Structure formats: structure tokens, C-alpha cells
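Novice: coordinates for the following, if possible.
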Amino acid sequence: MYRIFSYRVKVLSSDVDVNGHANNVCHLRWMNQAAVEHSRANGWSQERYVELGLTWFARRHVIDYLVPVLEGDELDIQTWVCEFKLIKSVRKYRFVRISDNIKIAEAETLWAFVNLKTGRPAKIPTEVSDCFFVTEN
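Specialist: Reported below is the predicted structural model:
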């Protein structure tokens with residue numbers, strides 16, 4: 001099990017907007033990818049969730065942008081689960097530029113566990129929650 005999972009990305013020219021830095025939508029995409037890969041590394045692929053008829057839906061994202069990210073930058077996106085409740089979980093993220101170890105953003109997502117057939121919230125099974133460390137910060 002990974003307590004804090006690292007997901008690395010390189011900022012591509014297609015990630016850069018008219019302001020000359022990575023667009024905020026890219027940060028959301030990278031957060032989602034990091035969460036999916038962390039879950040997969042802990043034994044829970046998207047396919048495994050679907051087999052149970054369950055999945056995660058994002059309810060809220062909060063991102064604090066600290067430093068612009070430029071084309072060619074390589075990022076280490078660190079993610080961890082900081083809270084599990086009955087039907088929801090909070091996941092945090094820290095974006096670090098690899099070349100100088102500067103934190104460029106921090107974020108969190110409130111995830112809701114959902115039944116795929118009904119679209120309604122579902123209790124997070126212990127077989128899922130037991131596969132993740134809960135880490136405060």
C-alpha cells in the first residue's frame with residue numbers, strides 16, 4: 001500500500017494556454033490521473049470498481065496555484081487520502097516541480113462513492129477503505 005503516491009507528468013505544449021503556462025484544466029486532469037493510478041497501485045483499478053457496480057464521483061475540487069507551470073516542466077504530483085467517511089473521501093495533492101523541488105500547487109478533492117446503477121451514494125466497503133492509509137497532511 002502506498003501512503004503517499006507519486007505520479008509524474010511532463011508539461012506538453014498542448015497543456016499551455018494563451019497565458020504561457022499550463023491551463024488549470026490540466027491540473028484537474030493530472031489530479032484525476034494521480035488518483036486513478038494511486039487506487040490502481042493499491043489494488044483498485046477502475047475495472048475492479050465497475051465489477052462491484054461502484055465508482056467515485058468528484059463532488060468538489062480546491063486548487064491553490066502557487067507558481068506557474070511552463071512547457072517542459074516535469075512535475076511530481078503527490079497524492080494521499082486524508083479522510084474516509086461513510087460515503088465520501090478527501091484526497092489531497094501536492095504538485096512539485098522536479099528540477100528545483102519547488103511546490104507549485106496544492107489541492108484537494110472531495111470524492112463521493114456512488115452506485116453505478118442508481119447514481120446514488122453508496123457506503124464505501126471496508127475492502128476498499130482498508131487498502132488505503134489515511135494520512136493527515
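Novice: and the strands in the chain, which stretches?
Specialist: Using DSSP state E, the strands of the chain run over 5-10, 54-65, 74-84, 88-97, 102-115.
Novice: now the ones you listed in JSON lines, with distance to residue 19 and mean neighbour count?
Specialist: Using the backbone N, CA and C atoms, a C-beta is placed for each residue, glycine as well. Listed next are the strands of the chain as JSON lines, based on distance: least, Cβ to Cβ, whole Å; neighbours: other Cβ atoms under 10 Å:
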{"stretch": "strand 5-10", "distance to residue 19": "19", "mean neighbour count": "16"}
{"stretch": "strand 54-65", "distance to residue 19": "11", "mean neighbour count": "14"}
{"stretch": "strand 74-84", "distance to residue 19": "18", "mean neighbour count": "19"}
{"stretch": "strand 88-97", "distance to residue 19": "17", "mean neighbour count": "20"}
{"stretch": "strand 102-115", "distance to residue 19": "15", "mean neighbour count": "18"}
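Novice: please save the CA atoms from the longest helix anywhere in the chain in CSV.
Specialist: Assignment by DSSP state H gives helix 24-41 as the longest helix of the chain. Extracted C-alpha coordinates of helix 24-41, given in CSV (Å, rounded to 0.1, in the frame of the first residue of the first chain):
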residue,chain,number,x,y,z
ASN,A,24,-5.9,25.0,-14.9
VAL,A,25,-7.9,22.2,-16.6
CYS,A,26,-4.6,20.3,-16.9
HIS,A,27,-4.1,20.4,-13.1
LEU,A,28,-7.6,18.8,-12.8
ARG,A,29,-6.7,16.1,-15.4
TRP,A,30,-3.4,15.4,-13.6
MET,A,31,-5.2,15.2,-10.2
ASN,A,32,-7.6,12.7,-11.6
GLN,A,33,-4.9,10.6,-13.2
ALA,A,34,-2.8,10.6,-10.0
ALA,A,35,-5.9,9.4,-8.0
VAL,A,36,-6.7,6.7,-10.5
GLU,A,37,-3.1,5.4,-10.5
HIS,A,38,-2.8,5.6,-6.7
SER,A,39,-6.0,3.5,-6.5
ARG,A,40,-4.7,1.0,-9.1
ALA,A,41,-1.4,0.7,-7.2
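Novice: all good on my end, thank you.
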